[in-house]
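Student: Fold the following and give me the result.
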Amino acid sequence: MKAAQINAYGDADQLFVGDLPKPKLAADEVLVATYATSINTIDWKAREGLMQKMFPWQFPVVLGWDVAGVITEVGSDVKTFKVGDEVFARPDIYQDGTRGSYAEYVAVRENQLASKPANIDFNQAAAVPLAGMTALQILRKLEVGPGKKVLIQAGAGGVGIFAIQLAKLMGAYVATTASAHNADFVKSLGADEVIDYHTTKITDVLHDYDAVYDMVNAIDEGIAILKPTGKLITISGYPTPEQQAGPQTVESGYLAATGEDLTYLANLIREDKLQIILDAEFPLTTEGIQAAHHRSESHHAKGKIVIKVREQPVASARV
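Tutor: Prediction:
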């Protein structure tokens, strides 16, 4: 199978598309023929070698943790899904570094799968799992709900786009940071207040917030706008003991990928309550995967960056 891989840690030029064997299935896994995957910040951080302590992979390494496609094989213990099902998922980060989703075939555990909504195509579906579940789970941990005020940093980013929409569905008042260029865009997602981070400090305009969803490692600033009973969760930094010494709850947040949470998001998509915003699409070629990483690292993407692995069937395109 074709797979985008690296043989050394470094910049985007380390990525190349070559051949690897299809993954072998465990009893609780299915094999998905990948139609699309997407780029997340963790992908290029892993490419740079920043995950070596957690995952001491041997080369070659295949990156990627989003997949949308069709099941072609099922393990002996799989009960809920069958060959031919259209699915999407955020698969496990395996100790075997060749099992990432930048590949024509991906192994996925049954408990991480969800059925792809019929009203979106595979490219859109691939944009959802990691970013959407990260947004959902952190908002729940922040106890966002009716009457609560939450700041969502980087509202035009992959996670921020989902977080704004979900926080509004939860009934919260949502402030977000974005460039002036993206102000109308994040308002269209439901943001009540937009702070231009180029010209304005959040500490000058926000106060007494119940929650801060930090995606830019601005922990001190986030703490400064919280109520004494407020909560801050960061997915981009690691709070120091000093930052955790105050009355507020301050901690790092991590994704625990589950088919249950992805199905929750899928149902919102089926009901047209959750928009999926794509920034750009690239092919699964050496040039395409390198360009996609460069685009992600530029921090100029508005929405998710998708890698098209196969041409999707006409019946799966949105109508």
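Student: residue ranges for the helices of the stretch 1-150 of the chain, please.
Tutor: 41-47, 122-126, 129-141 (DSSP state H, counting those that start in this stretch).
Student: so what are the domain limits for the chain?
Tutor: 2-128+276-316, 131-252 (automatic domain parsing).
Student: Looking at the ones you listed, which is nearest to Arg270?
Tutor: Among the domains of the chain, domain 2-128+276-316 comes nearest to Arg270, with 4.6 Å by C-beta to C-beta. Where C-beta positions appear, they are placed from N, C-alpha and C, glycine not excepted.
Student: Residue nearest the middle of the chain, spatially speaking?
Tutor: Geometric centre of the chain, nearest residue: Ala131, 2.1 Å, by C-alpha atoms, centre = their mean.
Student: Surely it touches Val159?
Tutor: Yes - using C-beta atoms under 8 Å, Ala131 makes contact with Val159 at a distance of 4.8 Å.
Student: Identify the residues contacting Met1.
Tutor: 19-22, 103-105 (C-beta atoms under 8 Å, 6 or more residues apart in numbering).
Student: Please identify, among these, the one with the most neighbours.
Tutor: Ala103 (27 neighbours; other C-beta atoms under 10 Å).
Student: Nearest to Leu265, out of the domains of the chain?
Tutor: domain 131-252 (4.7 Å).
Student: Rounded mean pLDDT for the closest one, please.
Tutor: Mean per-residue pLDDT for domain 131-252: 97.
Student: likewise stretch 289-307?
Tutor: pLDDT averaged over stretch 289-307 gives 93.
Student: tell me, how many neighbours does the nearest residue to His207 once chain neighbours are set aside end up with?
Tutor: Residue nearest to His207 in three dimensions, not counting chain neighbours: Ile225, with 5.6 Å by C-beta to C-beta, 6 or more residues apart in numbering. Per other C-beta under 10 Å, the neighbour tally for Ile225 reads 21.
Student: and Ile225, backbone torsions?
Tutor: phi -100, psi 0 (degrees, to the nearest 10).
Student: Show the contacting residues for it.
Tutor: Residues in contact with Ile225 (C-beta under 8 Å, 6+ apart) are 151, 202-203, 206-209, 212.
Student: any idea how far Asn267 is from it?
Tutor: Per C-beta to C-beta, to the nearest Å, Ile225 is found 33 Å from Asn267.
Student: Then Leu50?
Tutor: For Leu50 relative to Asn267 (C-beta to C-beta), the value is 34 Å.
Student: same check, this time on Arg90
Tutor: From Arg90 to Asn267 the distance is 17 Å (C-beta to C-beta).
Student: between the two, which one's more packed in?
Tutor: In terms of neighbours (other C-beta under 10 Å), Arg90 is the more surrounded of Arg90 and Asn267; the figures are 28 against 13.
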